[in-house]
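K.L.:
Sharing a model that was predicted from the sequence below.
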Amino acid sequence: MFASRLLSNTARQIVRRGIATSQTTNMPAKVGDRLPNVPLMENNPGNKVNLEEIFRNKKGILFAVPGAFTPTCHKTHLPGYVEDYDKLKAKGVEVIACVSVNDPFVMEAWGENSGATGKIRMLADPQAEFTKALEMDFDASGPLGNVRSKRYSMVVVDSVIKAINVEPDNVGATCSLSNSIVNQL
């Protein structure tokens with residue numbers, strides 16, 4: 001009883017003083033970071049893939065969206081990468097991957113529906129493990145039902161982030177679009 005009261009009083013003092021008690025401080029992904037070694041799913045739950053391996057010894061683009069088939073993702077973000085595929089390949093891009101906190105069946109269907117098949121790897125992060133490892137998650141439980149990925153894009157060379165663009169409001173579509181990243185290649 002005394003220990004719990006002491007702990008409770010100590011916690012109140014820490015909160016009152018604004019003292020941070022975390023032993024480690026995590027930072028969102030940044031230039032120079034390696035992609036996390038966290039499995040994603042492609043086409044079905046049994047097909048696990050790892051972006052660290054996919055981008056090993058390659059130059060590519062990784063972009064993430066809050067949700068497949070959501071208006072901005074479906075009408076603007078993914079279509080831009082599909083349309084600019086040849087332009088990106090001409091700049092030396094060997095792999096383009098899209099990640100979303102969705103199931104692999106939805107990601108596969110979205111890729112087929114959007115003309116991304118054979119151009120963009122549509123990868124599912126159903127529990128947001130990869131997204132959380134990058135610290136690119138945000139609470140979208142109101143409109144989308146759970147934690148989702150911030151909208152971002154990055155240039156990746158040999159599994160290392162060389163450029164990163166994160167939408168300031170998590171969901172807008174400006175700096176993470178394909179026409180913005182092409183200048184960073």
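P.N.:
Everything's here; your move.
K.L.:
where exactly do the helices run in the protein?
P.N.:
For the chain, the helices defined by DSSP state H cover 2-17, 51-54, 71-72, 78-83, 85-90, 104-114, 129-133, 178-181.
K.L.:
Between those, which has the poorest mean confidence score?
P.N.:
Note on these: lowest mean pLDDT is at helix 2-17, with a mean of 36.
K.L.:
Spatially central residue in this structure, please.
P.N.:
Residue closest to the average C-alpha location in the chain (C-alpha atoms, centre = their mean): Ala64, at 4.2 Å.
K.L.:
Isn't it up against Arg151?
P.N.:
Yes. Counting by C-beta atoms under 8 Å, Ala64 touches Arg151, with 6.6 Å between them. In short, each C-beta sits where N, CA and C put it, glycine included.
K.L.:
contacting residues for Met107?
P.N.:
Contacts for Met107 were tallied using C-beta atoms under 8 Å, 6 or more residues apart in numbering; they are 41-43, 68, 98, 100, 122-124.
K.L.:
what's the distance between it and Gln127?
P.N.:
Using C-beta to C-beta, to the nearest Å, Met107 is found at 14 Å from Gln127.
K.L.:
Quick check: pLDDT value at Ala128.
P.N.:
88.
K.L.:
so what's it up against?
P.N.:
Counted by C-beta under 8 Å, 6+ apart, Ala128 has contacts 101, 137, 146-149.
K.L.:
Could you rerun that using 7 Å?
P.N.:
101, 137, 147 (C-beta atoms under 7 Å, 6 or more residues apart in numbering).
K.L.:
now Asp125
P.N.:
40, 99-101, 131.
K.L.:
ok, and the most crowded of those?
P.N.:
Neighbour count (other C-beta atoms under 10 Å) singles out Ser100 as the most crowded of those, with 29 neighbours.
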